[in-house]
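# Sequence plus predicted model, see below.
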Amino acid sequence: MKMILAETDKQLQEAMDVRKEVFVQEQNVPLEEEIDEFENISDHFVLYDENEPAGAGRFRLKDGLGKVERICVLAKARGKGAGKIIMNYIEEHARSKDVPALILNAQTHAIPFYESLGYSVTSDEFLDAGIPHKSMKKILK
């Protein structure tokens with residue numbers, strides 16, 4: 001598997017296609033909620049498995065911290081360590097920008113995954129697009 005920072009229109013579209021398949025088609029998130037006002041100020045990432053888009057994620061700065069968003073892996077690529085590859089790549093990207101900590105809003109079923117990567121829960125449960133989430137944080141320095 002290979003991870004990249006999306007820089008071309010094609011790469012950005014591939015990241016968006018993965019997000020739409022996972023969030024809009026699988027999880028029934030309305031497209032107008034999936035695509036938001038932060039698209040143009042975020043760094044987008046694509047994970048490729050055998051040269052095919054298999055995962056995606058997004059990163060942006062928020063209040064001096066790094067906000068990790070839209071982490072997703074296509075069903076056919078799950079269980080192969082894809083999520084960890086995505087998160088490690090984004091974490092290195094954040095470190096290159098001298099970000100002191102990362103924050104994210106995790107779907108509750110994914111909390112053990114993020115905890116295994118060093119994140120801690122920082123909020124009570126809340127709904128986002130009708131899906132239960134909790135906020136999490138990881139100190140980088």
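That came through fine. Residues are numbered from 1 along each chain as shown.

# Tell me how far the nearest residue to Ile4 once chain neighbours are set aside lies from Ile90.
Distance criterion CB to CB, 6 or more residues apart in numbering; nearest residue to Ile4, sequence neighbours excluded, is Val46 at 5.7 Å. Where C-beta positions appear, they are placed from N, C-alpha and C, glycine not excepted. For Val46, the distance to Ile90 equals 12 Å [CB to CB, to the nearest Å].

# which residues touch the closest residue in space to Asp43 that isn't next to it in sequence?
Using CB to CB, 6+ apart and skipping the chain neighbours, the partner closest in space to Asp43 is Phe59 (4.7 Å). Neighbouring residues of Phe59 by CB atoms under 8 Å, 6 or more residues apart in numbering: Ser42, Asp43, Phe45, Gly66, Lys67, Val68, Glu69, Ile90, His93, Ala94.

# Just the pLDDT for the first one.
What that stands for is Ser42. For Ser42, the model assigns a pLDDT of 98.

# pretty sure it contacts Gly57?
No: at 9.7 Å, Ser42 does not count as touching Gly57 under the criterion of CB atoms under 8 Å.

# who touches Asn88 in this structure?
Contacts of Asn88 (CB under 8 Å, 6+ apart): Leu117.

# what's the neighbour count on the residue nearest to Ile4?
24 (other CB atoms under 10 Å).

# Please identify the buried residues of stretch 69-87?
Glu69, Arg70, Ile71, Cys72, Val73, Leu74, Ala77, Ala82, Gly83, Ile85, Ile86, Met87 (16 or more other CB atoms under 10 Å).

# give me the element the residue positioned nearest the centre of the chain is part of.
In the chain, the C-alpha nearest the mean C-alpha coordinate belongs to Ile71, at 2.3 Å (CA atoms, centre = their mean). Under the criterion DSSP states H and E, the helix or strand holding Ile71 is strand 65-73.

# For that strand, which strands pair with it and how are they oriented?
strand 52-62 (antiparallel), strand 101-107 (parallel) (DSSP bridges).
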